[in-house]
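Trainee: From the sequence below, what's the structure:
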Amino acid sequence: MVLEPKRRDEVLVTKAVRGWLVQVKELIKKKPTILKLYGNSYFGKHGFKIPKKIKKDIKVINLDDLQNLINKKNLKEDINLSELGYDKILSNGNLSKKYNITCSYCSKKAKEKIEKLGGTVNASI
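Mentor: Below is the predicted model:
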């Protein structure tokens, strides 16, 4: 049986693979000492992720969009945003007149703008 000489690129690939395997073997040797020093938390994913069960999606509406909604639905001065499907008011835009708004959340600037016109905001949080 006659062995044919390997091509040059095959030799380079095998040398690279051998070098990589040596590095992996050295890491495997060090793994027990790393585990002793740092514990099981050294390997794996780290960081903060809020579980979907805890995370709540808050639907927001700007003052401009709220004014458009009021005009479309011909709403009176007392507005409950939770009945309309929104949780929070943001301050982008202005309202045309005073309204008494009940919502779950409200930004400071939106509350200031509504109270400047003489309206009130009842935010539960």
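Trainee: The residue nearest to residue 63 when sequence neighbours are not counted: how many residues sit nearby?
Mentor: Closest residue to residue 63 apart from its sequence neighbours, by CB to CB, 6 or more residues apart in numbering: residue 93 at 4.0 Å. Using the backbone N, CA and C atoms, a C-beta is placed for each residue, glycine as well. Counted by other CB atoms under 10 Å, the residues lying close to residue 93 total 15.
Trainee: Can you classify residue 93 by secondary structure?
Mentor: coil (DSSP: H, G, I helix; E, B strand; the rest coil).
Trainee: Which parts of this structure are strands?
Mentor: Ranges of strands in the chain, per DSSP state E, are 60-62, 78-80, 88-90, 100-103, 105-106, 120-123.
Trainee: quick one: low-confidence parts of the protein?
Mentor: Low-confidence segments of the chain (pLDDT under 70): 1-15.
Trainee: Domains in it, by residue range?
Mentor: 8-42, 60-123 (automatic domain parsing).
Trainee: which of those domains is buried the deepest?
Mentor: domain 60-123 (a mean of 15; mean count of other CB atoms under 10 Å).
Trainee: JSON lines please, covering the domains of the chain and showing distance to residue 54.
Mentor: JSON lines is the format used below for these (distance: least, CB to CB, whole Å):
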{"stretch": "domain 8-42", "distance to residue 54": "22"}
{"stretch": "domain 60-123", "distance to residue 54": "16"}
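Trainee: Would you tell me which helix is longest in the protein?
Mentor: helix 8-38 (DSSP state H).
Trainee: helices or strands up against that one?
Mentor: The helices and strands touching helix 8-38, judged by 3 or more CB pairs under 8 Å, 6 or more residues apart in numbering; DSSP states H and E, number zero.
Trainee: Just give me how far stretch 20-35 sits from the chain centre.
Mentor: Taking CA atoms, centre = their mean, to the nearest Å, one finds stretch 20-35 lying 36 Å from the centre of the chain it belongs to.
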